[in-house]
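Q: How does the following fold in three dimensions:
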Amino acid sequence: MPGPSTPDGDRENPYSVEAAEPLSRKKKILLGIGIGIGAVAVVAVGGLLVRLAQKNCATEEVETDKSLDARVPTPAELEFAAVVSAAAESVGKIMRVSTSDFTVEAKIRSNSGRGTWPAYFEFDEETGHCRYSHPHRGATAPLFFIEEVQRRLSEAAAV
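A: Here you go, the predicted model:
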């Protein structure tokens, strides 16, 4: 019974692969030149598109509201930011933190060490309680970070 891979030519094997002939030195050089020209063309077209976008983009001076730019953090917010930075240094997986008022955005190193993921914390100024969110259920680094911040806040309040 002839199958799809029989040599008599009744049917072709859809899974067969023919060995390709190795490229000659001349073909390799021409292929390299073609790839190089293609890359230059892509860069040139990309640069042209950027210049066209800049040309078509209207530029005008806009005055910002000085009261928004001039907001100075309160001493409590500055102390909170210092406590958060110190707590982040003591928790190994916390890569970076940024504070605004009494909220914190943190980048936490993944278990593999190849990436980071975000976590958001909102601390109550009066009680120190925290609401938080992050994408990984069961992650312990955010909990260690919260405990460390709360411990340092209570120590600062005791002084």
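Q: Which stretches in the chain count as strands?
A: Chain-ordered strands for the chain, with DSSP state E as the definition, fall at 94-100, 103-109, 116-123, 130-133.
Q: Same list (those strands) but as a markdown table, adding mean neighbour count, mean pLDDT and distance to residue 82.
A: Quick note: C-beta positions are derived from backbone N, CA and C, even for glycine. A markdown table is the format used below for those (neighbours: other C-beta atoms under 10 Å; pLDDT from 0 to 100; distance: least, C-beta to C-beta, whole Å):
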| stretch | mean neighbour count | mean pLDDT | distance to residue 82 |
| --- | --- | --- | --- |
| strand 94-100 | 16 | 92 | 9 |
| strand 103-109 | 19 | 94 | 12 |
| strand 116-123 | 17 | 94 | 14 |
| strand 130-133 | 14 | 92 | 17 |
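Q: Could you export those strands as JSON lines, including distance to residue 151?
A: Supplementary listing: these in JSON lines, determined by distance: least, C-beta to C-beta, whole Å:
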{"stretch": "strand 94-100", "distance to residue 151": "15"}
{"stretch": "strand 103-109", "distance to residue 151": "15"}
{"stretch": "strand 116-123", "distance to residue 151": "13"}
{"stretch": "strand 130-133", "distance to residue 151": "12"}
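Q: Please save the CA atoms from stretch 114-124 in PDB.
A: Extracted C-alpha coordinates of stretch 114-124, given in PDB (Å, rounded to 0.1, in the frame of the first residue of the first chain):
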ATOM      1  CA  ARG A 114      15.300  38.600  34.400                       C
ATOM      2  CA  GLY A 115      12.500  41.100  34.800                       C
ATOM      3  CA  THR A 116      10.500  43.400  37.100                       C
ATOM      4  CA  TRP A 117       6.900  43.900  37.900                       C
ATOM      5  CA  PRO A 118       5.000  46.800  39.400                       C
ATOM      6  CA  ALA A 119       3.400  47.100  42.800                       C
ATOM      7  CA  TYR A 120       1.400  50.000  44.200                       C
ATOM      8  CA  PHE A 121       1.000  51.000  47.800                       C
ATOM      9  CA  GLU A 122      -1.200  53.600  49.500                       C
ATOM     10  CA  PHE A 123      -0.300  54.300  53.100                       C
ATOM     11  CA  ASP A 124      -2.700  56.100  55.400                       C
END
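Q: re the thing from before, of all the strands of the chain, which lies closest to residue 148?
A: strand 94-100 (9.2 Å; C-beta to C-beta).
Q: quick one: contacts for the residue nearest to residue 139 when sequence neighbours are not counted?
A: For residue 139, the nearest residue in space outside its immediate sequence neighbours is residue 108; the separation is 7.3 Å by C-beta to C-beta, 6 or more residues apart in numbering. The contact partners of residue 108, by C-beta atoms under 8 Å, 6 or more residues apart in numbering, come to 93, 94, 95, 116, 117, 118, 119, 134, 139, 141, 142.
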